[in-house]
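Asker: What would the 3D arrangement of this be:
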Amino acid sequence: YVINPSRKKVSTRYLPRDIKAKMALFRCLILVLSLAGWAWSDSPRPTIHERIYREIDATVPCFRLVNATHQIGCSASSTNTRGVVQYVDSSESLIQLVNHGPHHPYIALLEPRLLTRDNILRLKSSSRISGTLVRFRNETNATTSSIPEGLGSLSPQEKSPNAQFAYGGSSQVEWNPEGDALSFFDFGDFPILALPSAAFDEVLDCFNQNNADGDFPLCSAEITADMNVVKDTPTCFRREKLLTMQTTGTTLCEPLGDNNVWGTLFDFRNKSSNPADYDGSPFIMLTTKLDSSAFFPNLAFGANNELAGIATLLAAVEALGKLKKEGHLMDTTRPIMYTFFHGESWDYIGSSRMVYDMARGDFPYPERDNRRGQELLPKVRQGNIGDYLELSQLAIQASQEGEGRPTFYLHSVTPSSITEVLNTTAEASGLVRVVSSGYSASCDPTSPSTCALPPASLHSFLRRNDSFRGSVLADFDEEFNSKFFGSRFDTQDNLAGGTPDYNETTYESAVEYLTDLASVLTNTLLNISGPVWSPDFDPPAWVNASGDTVRDLLDCFLINSSCPLFQTVLAQPLVQQLSPVPLPRYVTVSRITNAETQLIFQLLASFTATANTTGSCSACLDTIADTDGIQAYNWTWAQVPGTSDQCYCLQSYTHMHSAESPAFAMKDYGSREYSTWAESVWTVISLRIYLVTYTAQEVGYLICGLVMTLITLLLAVQCQRKGKKIFAGRVLDHDSRN
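Answerer: The predicted structure is shown next:
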């Protein structure tokens, strides 16, 4: 309308179009300036979602796994899991929470020492508890252990690990008496998340500020961790196949696995007269495993479980590799094969795949991978292995017998010649004692039920051929010394005595006797392999392994994976992925090659390299590209620290081999002969906290919202019906009124 201030009736027609356009432009300009001023304001403008919820990062879930017969682990409900946060700091407060409390459902907030089988099952069985949050572990410093005070043992593994795939009478022995099998319990739709201390304290602060007095508003949490897989591996892959027929790329679960790493010190082709099938002098096979396990798989650090064996084996490899690089050790009459098996915590995935491929003639590489014009490796079969020695748990001494020397036990069914040489070398050194285990002494190889071996990759070889000769070297006799086997507390502190009182002296003692054992192994391998020395070199009577290497390996894996040793052997893109935290050793799914696997490959290549030239990275990459394919050797590279385009170019006899179970290669998802473990796929794992008020107030908010919505709806309907009258924009004609 045109308003006349004098209130006289104005005689006019509709406003001209140019005036109307200018008025519209003016209104738009005012709107744009208002929005710009709001957007450019210095004060933050949180969204409604941000005002309600606070996201908690860095959560580590207990997730769901399946095998041929059942499922284990945790999942949230498909509609997410919610509950009022309740801090639990003692067994008494846990019992109080389970039996009482007016504001259920609750999500329990636990300190590390309370995550035991009895407590978790008590929470799971209560209809008042919907989920659990737990702190990773205690904070660690130079004088405090990460192991909670008063926690003498915690092992969520089984008492006889991998018993279904054990040889002879091994499954009847409780090697792990502390085991409560919590990791193999099916929690259904009951999520359990581990939080780092910063995130845990953030949730705890929310509880202290709002829930301590029991009055509203209350701090609550919502967990999103819905797992796709249910029941077992055959069901998972059957449903996945049906869904894939209807949609594209549907995945419900993925097989566990990775890659085994293996290598030899020298080229072994010249020892075989047959270029296709190896027929030379028998191999000496020195092995250990790569992976570990824990209730929260991504917190599996395995300090004594497998890392002590890894460090000892690599230290022995380095000592022999140094002799080779210096030109003193020219070759060995018998080839030495160093092997790191992956996925052994889950029914011997890596070792069973190697044995399976050896039997099929697919090791080192499947026949389909052979390409014309390449330098092929001859096929190696189980019968080509003359001596087998496996390093198991090594770093915890229950007692020191015989003049204070650390004692290690040989577990065998049919020992090979390396065990006798190892005994003799150890005794002559005066550094360590090597004795036969009690079960080995009573074993009758013709009656497998009388023989018992601890959990080890050797089971896979014996199940294929019970006359296979080999031994397992460990720090225990008839039961594990470690009280934290398969636990997130199997860390550096477990090697330092396994008590809440951190003991640097105990840790250094562990480093010392692992170094001594590596030296004994080095000289054992030299004694049995038939070394070929340089003509102008006087062979030493004793070769020492490096204690610095053992310490560096333990520290890098257990404290700071972004350490100088790892940075030296990795290419720059991989170095950037390292961080100053321990490196977990869960096997994950077979399509992924773990950082640990890549590190072990690079370390083994670096310690045994034939050529170690320094030059431009581009030249090294060109060399690698020119030797594409399967070779007797592999080229790898690592960037020289502190340079931009200078690299170490390494030529070594180091290889990777598939560590995916034969069951998945055969698509036999219900196999009872091979591991069938698979990991569930999930969309997102998240945790957020927020405040809730009492029910009457929430109902009041709902009613107010409904009333306002109804009023707004009625106004909108009326505006639509009478819009033409309200916004007509007409004025009286002054001329017609005169």
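Asker: all helices for the stretch 551-700 of the chain, in order.
Answerer: 564-569, 572-575, 595-608, 617-626, 662-665, 695-721 (DSSP state H, counting those that start in this stretch).
Asker: Sorry, slip of the keys, the one I care about is the stretch 51-200 of the chain.
Answerer: 91-99, 117-125, 197-210.
Asker: Output these in JSON lines; the columns should cover mean neighbour count.
Answerer: Where you see a C-beta, it was placed from the backbone N, CA and C, and this is true even at glycine. Output for the helices of the stretch 51-200 of the chain, formatted as JSON lines (neighbours: other Cβ atoms under 10 Å):
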{"stretch": "helix 91-99", "mean neighbour count": "15"}
{"stretch": "helix 117-125", "mean neighbour count": "17"}
{"stretch": "helix 197-210", "mean neighbour count": "16"}
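Asker: Just put the ones you listed in TSV and tack on mean pLDDT.
Answerer: Listed next are those as TSV, based on pLDDT from 0 to 100:
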stretch	mean pLDDT
helix 91-99	92
helix 117-125	94
helix 197-210	94
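Asker: Please convert the ones you listed to JSON lines, extending it with distance to residue 637.
Answerer: Below are these laid out as JSON lines (distance: least, Cβ to Cβ, whole Å):
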{"stretch": "helix 91-99", "distance to residue 637": "54"}
{"stretch": "helix 117-125", "distance to residue 637": "47"}
{"stretch": "helix 197-210", "distance to residue 637": "37"}
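Asker: With respect to residue 300, which of those lies nearest?
Answerer: helix 117-125 (17.9 Å; Cβ to Cβ).
Asker: so what does that closest one touch, helix or strand wise?
Answerer: helix 91-99, strand 129-135 (3 or more Cβ pairs under 8 Å, 6 or more residues apart in numbering; DSSP states H and E).
Asker: so residue 555 makes contact with residue 563?
Answerer: Yes: under the criterion of Cβ atoms under 8 Å, residue 555 makes contact with residue 563 at 6.5 Å.
Asker: overlap in contacts of those two?
Answerer: Counting by Cβ atoms under 8 Å, 6 or more residues apart in numbering, residue 555 and residue 563 have no shared contacts at all.
Asker: quick one: residue 89 and residue 295, what's the gap?
Answerer: 20 Å (Cβ to Cβ, to the nearest Å).
Asker: More neighbours: which of those two?
Answerer: residue 295 (26 against 13; other Cβ atoms under 10 Å).
Asker: Can you give me the pLDDT of the more buried one?
Answerer: As predicted, residue 295 sits at a pLDDT of 95.
Asker: shouldn't it be in contact with residue 490?
Answerer: No: at 11.5 Å, residue 295 and residue 490 do not qualify as touching, with contact defined as Cβ under 8 Å.
Asker: Report the central residue of this structure.
Answerer: residue 586 (3.2 Å; Cα atoms, centre = their mean).
Asker: Tell me which stretches of the stretch 351-500 of the chain form helices.
Answerer: 417-429, 438-441, 458-464, 492-495.
Asker: Pipe these into JSON lines and attach mean pLDDT and distance to residue 658 per row.
Answerer: Shown next, in JSON lines, are those (pLDDT from 0 to 100; distance: least, Cβ to Cβ, whole Å):
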{"stretch": "helix 417-429", "mean pLDDT": "95", "distance to residue 658": "27"}
{"stretch": "helix 438-441", "mean pLDDT": "89", "distance to residue 658": "32"}
{"stretch": "helix 458-464", "mean pLDDT": "97", "distance to residue 658": "14"}
{"stretch": "helix 492-495", "mean pLDDT": "86", "distance to residue 658": "31"}
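Asker: who wins for proximity to residue 64 among these?
Answerer: Residue 64 lies closest, by Cβ to Cβ, to one member of the helices of the stretch 351-500 of the chain: helix 458-464, at 26.1 Å.
Asker: where's that closest one relative to the chain centroid, distance-wise?
Answerer: Offset of helix 458-464 from its chain centre (Cα atoms, centre = their mean, to the nearest Å): 26 Å.
Asker: likewise stretch 261-273?
Answerer: Worked out by Cα atoms, centre = their mean, stretch 261-273 lies 32 Å from the chain centre.
Asker: Cross-check the contact I'm expecting between residue 395 and residue 512.
Answerer: No: the pair residue 395 / residue 512 is not scored as a contact, 10.9 Å apart, by Cβ under 8 Å.
Asker: and those two? which has more neighbours close in?
Answerer: The neighbour comparison of residue 395 against residue 512 (other Cβ under 10 Å) goes to residue 395, with 27 against 15.
Asker: and the closest residue to residue 153 other than its chain neighbours, how far is that from residue 174?
Answerer: Spatially, and ignoring its direct neighbours in sequence, residue 153 is nearest to residue 483 (3.7 Å; Cβ to Cβ, 6 or more residues apart in numbering). Look at residue 483 and residue 174: by Cβ to Cβ, they are 14 Å apart.
Asker: any idea what the closest residue to residue 341 other than its chain neighbours is structurally, helix, strand or coil?
Answerer: Among residues not flanking residue 341 along the chain, residue 350 sits closest, at 3.7 Å (Cβ to Cβ, 6+ apart). Judged by DSSP: H, G, I helix; E, B strand; the rest coil, the three-state class of residue 350 is helix.
Asker: Let me see the ranges of the strands in the stretch 101-250 of the chain.
Answerer: Under the criterion DSSP state E, counting those that start in this stretch, the stretch 101-250 of the chain carries strands at the ranges 106-110, 129-135, 192-195, 218-224.
Asker: Can you tell me what sits against the third one?
Answerer: What it means is strand 192-195. Strand 192-195 is touched from outside by 56, 58-62, 74, 120, 131-136, 203, 223, 225, 296, 299, 488, 685, 687, with contacts defined as Cβ under 8 Å, 6+ apart.
Asker: Among these, the buried ones, what's the ChimeraX command?
Answerer: Of these, the buried ones can be selected in ChimeraX as follows, counting by 16 or more other Cβ atoms under 10 Å:
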select :56,59,60,61,62,74,120,131,132,133,134,135,136,203,223,225,296,299,488,685,687
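Asker: quick one on the thing from earlier: ok now do the residue nearest to the centre of the chain, which residues does it touch?
Answerer: Residue 586 sits in contact with 291, 292, 293, 294, 297, 298, 300, where contact means Cβ under 8 Å, 6+ apart.
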